[in-house]
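Colleague: Attaching a predicted model along with its sequence, questions to come.
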Amino acid sequence: MTAQEAESVRARTRTPRPPAWRGQAPVVAVVALGGALGATARHALALWWPAAPGGFPWATLWTNVAGCAVIGVFMVVITDVWAAHRLVRPFFGTGVLGGFTTFSTYAVDIQKLVDAGHPRTGLAYLAATLLAALTAVWLAMTAARRVLKWRQP
């Protein structure tokens, strides 16, 4: 074996890569922090506006609708207007708004209504939340784009 052949057989040295968690650690941290803030705000709203047993869970419905509207505006702003830092979307979009809006509480509220003998109210709540949340996202995105277009020279 020649020296040139031996060189090609030798294992090439790789530059060490940092572990994957090091690159993701800041993202996980800001999502956790944002989620704690959003969930705390949602819980405070639920304590301030409690649903009566068997009653319509208005606090959760309006929390989800308001959060979806903010998501709509936020996504337009960070995609069309502002080159945000790489941690802004995970912190605010996934963390704060993900913790504030809540599919789990929505599902539990429906289950509680059905278990309490109010299946129609549960079905109405299921449909109303879905329609209102999707409408809120669409209206907020449309309004944000119109306002941004109107403000441009």
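Modeller: It's in.
Colleague: make it CA atoms for all contacts and neighbour counts henceforth
Modeller: Will do.
Colleague: check contacts around the closest residue to Pro57 other than its chain neighbours.
Modeller: Once flanking residues are discounted, Pro57 sits nearest to Ala51: 5.0 Å by C-alpha to C-alpha, 6 or more residues apart in numbering. By C-alpha atoms under 8 Å, 6 or more residues apart in numbering, the contact list for Ala51 reads Pro57, Trp58, Ala59.
Colleague: how close does the last one sit to Trp82?
Modeller: From Ala59 over to Trp82 the distance is 32 Å, taken as C-alpha to C-alpha, to the nearest Å.
Colleague: on that earlier part again, in helices, which of the contacts of Ala51 fall?
Modeller: Counting by DSSP state H, those place Trp58, Ala59 in helices.
Colleague: Closest to Leu33 out of the contacts of Ala51?
Modeller: Ala59 (22.9 Å; C-alpha to C-alpha).
Colleague: Can you check which helix is longest in this structure?
Modeller: Counting residues, the longest helix in the chain under DSSP H turns out to be helix 119-151.
Colleague: one step back: more crowded one of Ala59 and Trp82?
Modeller: Using other C-alpha atoms under 10 Å as the criterion, Ala59 and Trp82 rank with Ala59 on top: 18 against 9.
Colleague: close enough to count as contact, the more buried one and Pro50?
Modeller: Yes - Ala59 lies in contact with Pro50 (C-alpha atoms under 8 Å); the separation is 7.0 Å.
Colleague: what's in contact with stretch 87-96?
Modeller: Counting by C-alpha under 8 Å, 6+ apart, residues outside stretch 87-96 touching it are 26-27, 30-39, 71, 74, 78.
Colleague: That stretch: which residues count as buried?
Modeller: Within stretch 87-96, the residues that qualify as buried are Val88, Arg89, Pro90, Phe91, Phe92, Gly93, Thr94, Gly95, Val96, counting by 16 or more other C-alpha atoms under 10 Å.
Colleague: Restricted to helices, list the residues you listed.
Modeller: Counting by DSSP H, these place Val88 in helices.
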